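**Q** take this sequence and fold it.
(chains A and B)
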Amino acid sequence: MQIQKPKGTYDLTTKDAYQRTYLENFIRKIFDSYNYKEIRTPTFENTKLFKRSIGEETDIVSKEMYSFNDGEFTLKPEMTAPVIRAYVENRMFNDAPHQKLYYISNMFRRERPQAGRFREFSQFGAESIGSGEEMADAEMILLADAILNEIGLKNFKIRINSIGTIEERSIFIISLREYLIGFEEDLSNDSKRRLVINPLRILDSKDPKDLEILENAPVLYEYLSEDSKKHFESLIELLNSISDKLSIDYKLVRGFDYYTSTTFEFISSAIGSQNALLGGGRYDMLAEHLGAKPTPAIGFAAGFERIEMALKAESAIIPDGSELLLYVCSAGENPRSRILQIITSLRSKGIKCETDFLGRSVKSQMKEADRMKAKYVIVLGDNEIESNSAEIKSMFDGSVIKIEGLDKIINYLKDED
RNA sequence: GCGGAUAUAGCUCAGUAGGUAGAGCGUCAGAUUGUGGCUCUGAAUGUCACGGGUUCGAGCCCCGUUAUUCGCCCCA
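**A** Alright, predicted model coming up:
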């Protein structure tokens, strides 16, 4: 039997790969203009890093990690913990009190694959480390918004919330649990389980019965301190330029233990049930937890696959690398070495050109030139080589220009790009 | 981890009551000597996912496996 790719992985063949690279480069430019610096970390990390940061009880750590070497190492399931680990390990806090970092990388989680969910997937993300100011929250969200906008996405919404400090939250969790225990029999099975493991997650249950019960449940926001509320309210003000797509959702909680204060999600309605294009939040305790002095930070991660799905759903156009400036048709055997000289010379000047490798008829070569979306075609046969002249044809309108001197072809190419 | 669906040419899919496969698109080649896009003609390509069973005979029925897909959970 044929060998197949592992479950939940995918190949990006030529055009898809080109589009992915295009998006990556596009995103890099935006990160650069926001003065975010790239950071790269290993593909695998010490398993303890994820257990300590994401949380032992989360689904990711408890059952979705690709671990090996007797569990010592794990393929990274997310990037925030590795970035902070690297930040601490490299003493980056000594370089500057505020660091803005970004990454583009693939992640691994042993989940059941689904639309928009893979076992190996690609993310880009940013971490703003060292500032607890609302400015940092605002910039992070505006950056995320700018990237999705400039990529060409139109239809996405932003949900935002504050889940407060660990102390504020733990008091809330006690109240929430007390309230929910009164309805335990009526809760969905999932929520019964969550009542023990992570009651907070019951808040974003989709079960209709759960939703009914939640209507009169305690509200997390009311348990926040004045400082936390003030931070959140100031942030919302700073985000007034994008208020049209912003919706405050007091039930938005996130799955990683390290989140505190601000949390947010960018969602698309066009890509099925895995609708989060991007998610993030503040994690003010993580760096300290991993060995640094107290260091507030905020970040986000976005999924390439989901963004690409959304772009496709919106029929956005992304270059796929299929255009060609010049196709050189060969007629007869003699011109081949001259053609090789000519295209090599053109290529050295950055001209994207192609010729035939199969000894086909001129007609077939023309068809190929058309399929490759060549802007110009030139046919070189014995006559042209001998007279050192040829005709260059525009594939757009079929017009023809006479060329004198085959080494001057480049002068006749009008690259409209 | 749980539930539903699907698996036939490179792609999208037909395949009638079980009798050993078809279309469109794409690819390739032609339609007077070296010139594309439209049209026409022709060609190639399938262990009908894999393994087993029922049957004289299975792409069609049954069982198993694998993969894909949609949803739950979770998340990007």
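**Q** element containing A:Phe121, please.
**A** strand A:120-129 (DSSP states H and E).
**Q** quick check on A:Gln4: phi, psi?
**A** Note on A:Gln4: its backbone torsions stand at phi -110, psi 160 [degrees, to the nearest 10].
**Q** please apply the same query to A:Ile378.
**A** Backbone torsions for A:Ile378, taken as degrees, to the nearest 10, come to phi -130, psi 140.
**Q** need the contact list for it.
**A** Applying CB atoms under 8 Å, 6 or more residues apart in numbering to A:Ile378 gives the contacts A:Leu326, A:Tyr327, A:Val328, A:Cys329, A:Ala390, A:Glu391, A:Ile392, A:Lys393, A:Ile403, A:Ile409. In short, each C-beta sits where N, CA and C put it, glycine included.
**Q** can you do 10 Å?
**A** Contacts here follow CB atoms under 10 Å, 6 or more residues apart in numbering; on that basis A:Ile378 touches A:326-329, A:339, A:342, A:353, A:355, A:369, A:384, A:390-393, A:400-401, A:403, A:406, A:409, A:412-413.
**Q** ok, now how distant is it from A:Glu24?
**A** 34 Å (CB to CB, to the nearest Å).
**Q** just give the nearest non-adjacent residue to A:Leu340, would you?
**A** In this structure, A:Leu340 finds its nearest non-sequential neighbour in A:Thr355, 8.0 Å apart by CB to CB, 6 or more residues apart in numbering.
**Q** quick one: neighbours of that neighbour, just the number.
**A** 20 (other CB atoms under 10 Å).
**Q** any part of the longest helix seen in chain A near RNA strand B?
**A** When secondary structure is assigned using DSSP state H, the longest helix within chain A turns out to be helix A:14-33. No - counting by CB under 7 Å from any atom of the strand, no contacts exist between helix A:14-33 and RNA strand B, the nearest distance being 12.3 Å.
**Q** in CSV, could you pull the C-alpha coordinates for that helix?
**A** Taking Å, rounded to 0.1, in the frame of the first residue of the first chain, the C-alpha atoms of helix A:14-33 are listed here in CSV:
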residue,chain,number,x,y,z
THR,A,14,3.5,24.6,-5.5
LYS,A,15,0.8,27.3,-5.6
ASP,A,16,-0.3,26.8,-2.0
ALA,A,17,3.3,26.9,-0.9
TYR,A,18,3.8,30.1,-2.8
GLN,A,19,0.7,31.7,-1.3
ARG,A,20,1.8,30.6,2.2
THR,A,21,5.2,32.2,1.7
TYR,A,22,3.7,35.3,0.3
LEU,A,23,1.5,35.7,3.4
GLU,A,24,4.4,35.1,5.7
ASN,A,25,6.5,37.7,4.0
PHE,A,26,3.6,40.1,4.0
ILE,A,27,3.1,39.6,7.7
ARG,A,28,6.8,40.0,8.4
LYS,A,29,6.7,43.5,6.9
ILE,A,30,3.8,44.5,9.1
PHE,A,31,5.5,43.2,12.2
ASP,A,32,8.6,45.1,11.2
SER,A,33,6.7,48.4,10.8
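**Q** and that helix with strand A:120-129, angle?
**A** In this structure, helix A:14-33 runs at an angle of 0 degrees to strand A:120-129, with axes from the mean of the first three to the mean of the last three CA atoms, to 10 degrees as the basis.
**Q** from the contact counts, what lies against helix A:14-33?
**A** strand A:37-38, strand A:99-108, strand A:120-129, helix A:134-151, helix A:304-313 (3 or more CB pairs under 10 Å, 6 or more residues apart in numbering; DSSP states H and E).
**Q** any chance of the ones you listed in TSV, plus mean neighbour count?
**A** Shown next, in TSV, are those (neighbours: other CB atoms under 10 Å):
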stretch	mean neighbour count
strand A:37-38	11
strand A:99-108	20
strand A:120-129	22
helix A:134-151	20
helix A:304-313	21
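**Q** to RNA strand B, which of those lies closest?
**A** Each of the helices and strands packed on helix A:14-33 was checked against RNA strand B via CB to the nearest atom of the strand, and the shortest separation belongs to strand A:120-129, namely 3.6 Å.
**Q** do the strand holding A:Phe121 and RNA strand B meet?
**A** Yes - applying CB under 7 Å from any atom of the strand, one finds that strand A:120-129 is in contact with RNA strand B at A:Phe121, A:Gln123.
**Q** and the closest residue to A:Asn106 other than its chain neighbours, what pLDDT?
**A** Computed as CB to CB, 6+ apart, the closest residue to A:Asn106 that is not its neighbour in sequence is A:Ser122, at 4.9 Å. At A:Ser122, the predicted lDDT confidence score is 95.
**Q** quick one: A:Ser122 and A:Phe304 touch, right?
**A** Yes - counting by CB atoms under 10 Å, A:Ser122 sits close enough to A:Phe304 to count as a contact (4.1 Å).
**Q** any shared contact partners between the two?
**A** Residues touching both A:Ser122 and A:Phe304 comprise A:Leu12, A:Arg20, A:Leu23, A:Glu24, A:Ile104, A:Asn106, with contact defined as CB under 10 Å, 6+ apart.
**Q** from those, which is closest to A:Arg193?
**A** A:Asn106 (30.6 Å; CB to CB).
**Q** report pLDDT for the closest one.
**A** We note a pLDDT of 94 for A:Asn106 in this prediction.
**Q** that one and A:Phe44 touch, don't they?
**A** No - in this structure, A:Asn106 is not within contact of A:Phe44 by CB under 10 Å, at 11.8 Å.
**Q** between the two, which contacts overlap?
**A** Counting by CB under 10 Å, 6+ apart, the common neighbours of A:Asn106 and A:Phe44 are A:Leu75, A:Lys76.
**Q** spatially nearest residue to the closest residue to RNA strand B within the stretch 101-250 of chain A, not counting backbone neighbours?
**A** Closest to RNA strand B within the stretch 101-250 of chain A is A:Ala115: 2.8 Å, counting by CB to the nearest atom of the strand. Taking CB to CB, 6+ apart, and ignoring the residues beside it in sequence, A:Ala115 has A:Gly272 as its nearest neighbour in space, at 4.3 Å.
**Q** can you tell me the SS state at the one you found?
**A** Three-state secondary structure (criterion: DSSP: H, G, I helix; E, B strand; the rest coil) places A:Gly272 in coil.
**Q** good, wrapping up.
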